[in-house]
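Novice: Sharing a model that was predicted from the sequence below.
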Amino acid sequence: MSVEKYEVHEHDVIIIGAGGAGLRAAIEASALGCSVGLICKSLLGKAHTVMAEGGVAAALANVDPQDGWQVHFGDTMRGGQFINNYRMAELHAKESPARVYELEEWGALFDRTPDGKIMQRPFGAHTYRRLCHVGDRTGLEMIRTLQDKTVASGVEVYMETTLTRLLKDGNRIAGAFGYVRETGRFVLFKAKAVVLATGGWGKVFKVSSNSWECTGDGVMMAYDAGAELIDMEMVQFHPTGMVWPPGVRGILVTEGVRGEGGILKNNKGERFMERYDPKKLDLSSRDVVARAIYTEVQEGRGSEHGGAYLDITHRGPEYIKKKLPSMHEQFLKLADVDITKQPMEVAPTIHYAMGGVRVEPETSASTVSGLFAAGEVAGGLHGANRLGGNSLSDLLVFGRRAGEGAAKYVKSLNNPLKIDEAQIESEKKLLLRPFNESGTENPYQIHEELQNAMQEGAGLARTTESLEKALKKILELQQRAQQTRVPGSRLYNPGWHTARDIVFMLTVSEAIVRCAIERKESRGAHWRKDFLSKDETWGKQNLVTYKDTSGAMKIKMMPTPQMPAELAQLFQQEPVVTAKK
Amino acid sequence: MSVASSNERPWWFEPLSIVVVLSGFSIYAIWAALQGQGAYHNYLSPFFSPKLASPFSWFSPAFLILWVPLGFRATCYYYRKAYYRSFFWDPPACARPELRGEKYSGETKFPFIINNLHRYFFLLATIVLAFLWYDAILAFFFKDGSGNAHFGAALGSLIFLINVVLLSLYSFSCHSLRHIIGGKMDCFTCSLAGGARHKTWGWVSILNERHPLWAWLSLFSVLSVDIYIRLLQAGLIQDVRFF
Amino acid sequence: MAEIALKIFRGDASGGAEKEYRVEATPGMVVLDAVLRVQATQASDLAVRWNCKAAHCGSCSAEVNGKPRLMCKTRTDEFQGKEIHVGPMRAFKLIKDLVTDVSFNYKTARMIPAFTPPAGEKAPFTMYEKDVERLYEYHKCIECFLCQNVCHVIRDHKAPFFGPRQLVRIASLEMHPKDTLDRAQFLKDTALIGYCNITKCCTEVCPEHIHITDNAIIPLKERVVDEFYDPVQWIWRKIMGRNSNGG
Ligand code: SF4
Ligand code: SF4
Ligand code: FES
Ligand code: FES
């Protein structure tokens, strides 16, 4: 089996993942003169970014002139409960306006204000109206614009190609290896630098707004290559996912619904957010709203199918259809609910991974030379909880920085890189394992069991006990995952693909759970029912996950970088670390 | 006409009905034109309006006019769809294999390339439409015994009015008009009278959404007017005078 | 609970046939749910594309009972217990099962002259709702390629016509108030807009309800007429010199 030849491509920079961050990185690296290869698991333009609905956060101050980068920065830090990397948050707040305008120069169209500027809408925990949007399909607009720009820049795109292993020459990245989904043939990309833009890992949970792609393969490739991961315990529940019918459970209901005036109610018709956050109400930060809905359901005030009611009928059919057309259609088609006349039923759904590859803010470089990461796969910007709209701006700001970082790194290299065949061989072996006659396990079955275990043990509400139980299950599944068996050939065989994906997913899950056990406090998205309050010491620590030389997973504490005085003074009115219990 | 509704009927239902209606209409139009005249008191059949004198007695004046509305409809974007589907089976229905084996050139070659001149037929048809409005107004003026015209209304006048309104809706929902008014512009606010053009374009666009409806209704209304006149001429019915 | 009978096409470039599967029906189940259920429990090598499950990404295009549809937007209860046939898009070369080779659409996309704002003009652009409102419709396209699949020019005549999706895209560029290029020549000679005989099948299948023919193709055809088929404008340009067109 080792005689099999594989396809070889060579580029200065390869970018893995073609969502917003990957595309933006590709555009930048290509503009800086690199030969760029862009590799994506799906067709171009289908990445998870298309699911982003509400908008992109940028302090343009078009509708609220008081807005500015300092306010945006403050909101982001507060939302992240101060364990974010302040420098990333600062760069993000400062640069997102320019990144948004750039999109306009590339042909993007946002909704307009009467005086011809980009319209902005309010969103959870943003002080001012800040989200630039196009109805409820902002992500689609962004990805299409970036996709066209990328194609026009002459970037080489490799669609439906899955990479599963980063290759190293000593300490440096030398390329990546994987397979072409269509043919099942192996493929090698030689590259001086790799930008990871592979998104998140929502698929390890059962109720998730994520697509099949979000398996954490990127973050695990980085981990396997020796990169450090940060904040892995921080997984965001979006408060509003669809609940009914079962087939659509978890599908996202944009925060734009609440941005446009939607109100959450329990089965008694009470506007329960008045009790949880009397100031920001329905537009409180996502962790707060998600917990509120969860509590209402737990205490017997949930909706028919175990969620809350989200009502926007008072805005009138015209307005709803103009501002939330996809939501209107989605509910009408899939749930037989006309949101102009009836409330929606919503419940928390796994949405986003705040944690990820630990990167250097200016260049998005990981701790491995030649490896960069941007977007959801990178960690640090969002801390313990991401604000709605900050992910699209994250993609743009740090996608660009990663592209630039990679390009500069490539220029600084002078020794040619060697590909180590042994690394390729070991990956090939792992990939082909499910075709072994001896296997018995169905990869889909393992995936389903993992999802259940994670949902129960490491979901919205966590305890030491639930986490330990999940960990035990994960470790057991890791053993069973070595015994998978798939029928059919290598030609476009999703069962085979899943067999490799679950290996990634099981390791990601292990990292989530181990970190979650470690962090003995409640902060942002991490809600420990056995440690309900925030802890001052933990408020200054991030958890770093890495693989030690023996191949075992290790977790260590790392102090959160401290803001310089001029930034810290933005929070002078409030206690920075010891927020209310 | 959506995928869902064509689900309920067999796929050939739509093309077949179009073939029947369009052929029927054409045969009738030719027959009516061959009658050489189409007037009854103050009513003038749309096939014969505006009233022209034929140079030859054997040549019906209707033929001097008829090519305009016929050409207008033959090059109309909607009727093109209808006849390409039903007469040429290109395609007979969506996601149905075609039966024609020849090389396909769409509207890039003769004769269909001529369809690109639709806008000129629109202009000519608008002139004819003006005459039809004139006829419709005349249909409300009845001569008394002494030859004086008096304003009045009868079933006939009403049919005339409905017809000309439908014809106008058809004409003013034309794609070429929509293009001339605003479709060709890239930026309304940057152009002279952009605001007014944008408004008008908006109205035309609203009408345009129902263009197929106007196309059929006006076809039937023209037919009705002519048939009504011929029935009156033949003495088979009496006009109903309201006042 | 009731069962659903699905006949799913299984096969690859060398041939294939429908195969019957049965899955348990759940309330509100869409065809994609059923197909993925089959994949998870009975045929793990069943090839199918999907991403969002919410009709936002345009991946799960297929032909359900002969109609081009998004599987994630097609409810199984619509068929009232009748057999559901699921097959790949027919206009494109089959790769395997429900997956086809749609690379043609990406090739043509690459050829379309990109958005080109006036040189030196920097965002923020001042653009009014009035001028961009009609573009939103084109921008709704999720690239499901169902329109390309159903278009008889591509499906039956295999002509090098760019197809409705790309015409929608060109319309969005042509009518953009800040775009400076004129793509009329490109439309006529490369995209072959003349091959479209406005028979509207594309409009009928578009899951985003884009009025492809009325709002994108016909307006573009009219622009091509302006430049190439209108004798009066042609003479006018001869007299006045070129470039009297809004472009
Ligand atoms: S209207 Fe034109 S593009 Fe659309 S399906 Fe028909 S021929 Fe193809
Ligand atoms: S125009 Fe409509 S049918 Fe065609 S690709 Fe776009 S969304 Fe799909
Ligand atoms: S398009 Fe039908 S009359 Fe012009
Ligand atoms: S899965 Fe995205 S459109 Fe169906």
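Specialist: Arrived safely. Ligands and ions are numbered 1, 2, ... in the order given.
Novice: Can you tell me the SS state at residue C:34?
Specialist: Following DSSP: H, G, I helix; E, B strand; the rest coil, residue C:34 is assigned to helix.
Novice: Hmm, it is touching residue C:77, no?
Specialist: No. Counting by Cβ atoms under 8 Å, residue C:34 sits too far from residue C:77 to count as a contact (11.1 Å). In this view, the C-beta of every residue, glycine as well, is placed from N, C-alpha and C.
Novice: For chain C, which segments count as strands?
Specialist: Assigned by DSSP state E, the strands in chain C fall at C:3-12, C:15-24, C:61-64, C:67-70, C:84-87, C:93-96, C:99-101.
Novice: circling back to that earlier point, so residue C:34 and residue C:77 - more neighbours on which side?
Specialist: Higher neighbour count among residue C:34 and residue C:77: residue C:34, with 26 against 15, using other Cβ atoms under 10 Å in any protein chain shown.
Novice: Per-residue pLDDT of the more buried one, please?
Specialist: Residue C:34 carries a pLDDT score of 95 in this model.
Novice: What distance do you get for residue A:442 to ligand 1?
Specialist: To ligand 1, residue A:442 is 42 Å away according to Cβ to the nearest ligand atom, to the nearest Å.
Novice: What does the pLDDT read for the residue of the stretch 101-250 of chain A found nearest chain B?
Specialist: Using Cβ to the nearest Cβ, residue A:116 is the residue of the stretch 101-250 of chain A that sits closest to chain B, at 8.1 Å. At residue A:116, the model reports a pLDDT of 95.
Novice: next one: residue B:101
Specialist: With respect to pLDDT, residue B:101 scores 57.
Novice: Could you count how many residues lie near the residue in the stretch 51-200 of chain A that ligand 4 sits nearest to?
Specialist: Of all residues in the stretch 51-200 of chain A, residue A:51 sits closest to ligand 4, at 8.8 Å by Cβ to the nearest ligand atom. When neighbours are counted by other Cβ under 10 Å, residue A:51 registers 25.
Novice: number of nearby residues for residue B:243?
Specialist: If you count neighbours by other Cβ under 10 Å, residue B:243 ends up with 8.
Novice: buried stuff in stretch A:67-80?
Specialist: For stretch A:67-80, the neighbour count (16 or more other Cβ atoms under 10 Å in any protein chain shown) marks A:67-69, A:71-80 as buried.
Novice: typo on my end, it should be stretch A:242-258
Specialist: Residues A:242-245, A:247-258 are the ones in stretch A:242-258 that count as buried (16+ other Cβ under 10 Å).
Novice: ok, the residue of the stretch 51-200 of chain A closest to ligand 4 - contacts?
Specialist: A:139, A:209, A:211, A:252, C:52, C:54, C:56, C:57 (Cβ atoms under 8 Å, 6 or more residues apart in numbering or on different chains).
Novice: need the contact list for the nearest residue to residue C:33 once chain neighbours are set aside.
Specialist: Spatial nearest neighbour of residue C:33, chain neighbours left out: residue A:247 (4.2 Å); criterion: Cβ to Cβ, 6 or more residues apart in numbering or on different chains. Residues in contact with residue A:247 (Cβ under 8 Å, 6+ apart) are A:334, C:26, C:28, C:29, C:30, C:33.
Novice: And the lowest mean pLDDT element among the helices and strands of chain B?
Specialist: Using mean pLDDT, DSSP states H and E, the weakest-scoring helix or strand in chain B turns out to be helix B:3-8, at a mean of 48.
Novice: Let me know the next secondary structure element after that helix.
Specialist: Heading C-terminal from helix B:3-8, the first helix or strand you meet, by DSSP states H and E, is helix B:13-34.
Novice: quick one: low-confidence parts of chain C?
Specialist: C:1, C:242-247 (pLDDT under 70).
Novice: swap the cut-off to 80 and go again
Specialist: Counting by pLDDT under 80, the ranges of chain C that qualify are C:1, C:81, C:241-247.
Novice: quick one: the residue nearest to the spatial centre of it from residue C:89, how far?
Specialist: The centre of chain C sits closest to residue C:145, judged by Cα atoms, centre = their mean, with a distance of 3.4 Å. From residue C:145 across to residue C:89, the span is 7 Å (Cβ to Cβ, to the nearest Å).
Novice: joint contacts of those two?
Specialist: With Cβ under 8 Å, 6+ apart as the test, residue C:145 and residue C:89 both reach C:61, C:102.
Novice: in chain B, which spans are strands?
Specialist: For chain B, the strands defined by DSSP E occupy B:39-40, B:43-44, B:141-143, B:149-151.
Novice: Which of these has the highest mean neighbour count?
Specialist: Highest mean neighbour count among those (mean count of other Cβ atoms under 10 Å in any protein chain shown): strand B:43-44, with a mean of 24.
Novice: In the stretch 151-300 of chain A, which residue sits closest to ligand 1?
Specialist: Counting by Cβ to the nearest ligand atom, the stretch 151-300 of chain A gets nearest ligand 1 through residue A:151, at 22.1 Å.
Novice: shaky segments in chain B?
Specialist: Within chain B, the segments meeting pLDDT under 80 span B:1-8, B:52-61, B:97-102.
Novice: Most remote residue from the middle of it, which is it?
Specialist: In chain B, the residue that sits farthest from the middle, by Cα atoms, centre = their mean, is residue B:146; the gap is 36.7 Å.
Novice: Find the closest residue to ligand 3 in chain C.
Specialist: Taking Cβ to the nearest ligand atom, ligand 3 has its nearest neighbour within chain C at residue C:218, 7.7 Å off.
Novice: Run a quick neighbour tally on the nearest residue to that residue once chain neighbours are set aside.
Specialist: Excluding the flanking residues, the one nearest residue C:218 by Cβ to Cβ, 6+ apart is residue B:175, at 4.9 Å. With neighbours defined by other Cβ under 10 Å, the count for residue B:175 comes to 24.
Novice: Kindly report the same for the one 10 residues further on.
Specialist: Each residue near residue B:185 was counted by other Cβ under 10 Å, and the total is 19.
Novice: can you check the one 4 residues further on too?
Specialist: Neighbouring residues of residue B:189 were enumerated by other Cβ under 10 Å; the total is 16.
Novice: Same question for the one 4 residues further on.
Specialist: Look at residue B:193: counted by other Cβ under 10 Å, it has 9 neighbours.
Novice: Equivalent analysis for residue C:144, please.
Specialist: Applying other Cβ under 10 Å, we find 26 other residues in the vicinity of residue C:144.
Novice: Just confirm it contacts residue C:207, I think it does.
Specialist: Yes. Here residue C:144 reaches residue C:207: they are 6.1 Å apart, a contact under Cβ under 8 Å.
Novice: hey, what's in contact with both of those two?
Specialist: Common neighbours of residue C:144 and residue C:207 (criterion: Cβ under 8 Å, 6+ apart): C:58, C:70.
Novice: Tell me how chain C divides into domains.
Specialist: According to automatic domain parsing, chain C comprises the domains C:3-100, C:103-240.
Novice: that older thread, go ahead and report the secondary structure state at the residue of the stretch 101-250 of chain A closest to chain B.
Specialist: coil.
Novice: OK, contacts around it?
Specialist: Contacts of residue A:116 by Cβ under 8 Å, 6+ apart are C:125, C:126, C:127, C:128.
Novice: can I assume the first one is in contact with residue A:106?
Specialist: Think residue C:125. No. Look at residue C:125 against residue A:106 with Cβ under 8 Å: they stay out of range, at 11.4 Å.
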